[in-house]
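> got a sequence here, can you build the structure:
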Amino acid sequence: GLSQMLLAAVVYVESRGQAGAVSVAGAIGPMQLMPATAWKVLHVNPWQTQQNILGGAQFLQNLLKLFHGNLTMALEAYNAGPTRVASGEPLPPSAVTYAKTVEAFLRRAEVGTASSPQKHILHQL
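Numbering: from 1, shown residues only. The predicted structure follows:
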């Protein structure tokens, strides 16, 4: 139920499309899933690219439902955690920037002005 452009935007911002990406916090793969969330909540192998993307898409879709379709809040929750966003406590600036960056890429992809690396990720999905 999610657009490919939205998924491409998240993949691009999260990992620049690198299947083997690992963050300093331990998030894995193109959608940068935390291992515990991937295995225990989403029931996917975060090291398998297709499962990582499907798990990330499922998680994002759940967040969109939780936040009644509010994309900004769903993206902030994808980055900072749903409990933190739902509680209304101040978010780290990085979560706000993350949501704005994903939304900006999404707008560029929708109007066809995305850069070559961004278009490449979109075509891979």
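> which parts of stretch 78-91 are buried?
Counting neighbours by 16 or more other C-beta atoms under 10 Å, one finds that the buried residues in stretch 78-91 are 78-80, 82, 84-85, 91. Bear in mind the C-beta positions are built from the backbone N, C-alpha and C, glycine included.
> which of those residues lies closest to A36?
Of all the buried residues of stretch 78-91, A36 sits closest to P82, with 14.3 Å by C-beta to C-beta.
> roughly how far does that closest one sit from Y98?
Using C-beta to C-beta, to the nearest Å, P82 is found at 14 Å from Y98.
> how many other residues sit next to the nearest residue to G1 once chain neighbours are set aside?
Closest residue to G1 apart from its sequence neighbours, by C-beta to C-beta, 6 or more residues apart in numbering: Q61 at 6.0 Å. Residues near Q61, counting by other C-beta atoms under 10 Å, number 14.
> how about P30?
By other C-beta under 10 Å, neighbour count at P30 equals 27.
> can you tell me which of the buried residues of stretch 78-91 is nearest S23?
Minimum distance to S23 across the buried residues of stretch 78-91 is 11.1 Å, recorded for N79 (C-beta to C-beta).
> circling back to that earlier point, in this structure the residue nearest to G1 contacts S3, no?
No: using C-beta atoms under 8 Å, Q61 is not in contact with S3, being 11.1 Å away.
> in the chain, which segments are predicted with low confidence?
Along the chain, the model assigns pLDDT under 70 to residues 113-125.
> so how far is K40 from G69?
Taken as C-beta to C-beta, the span from G69 to K40 is 26 Å.
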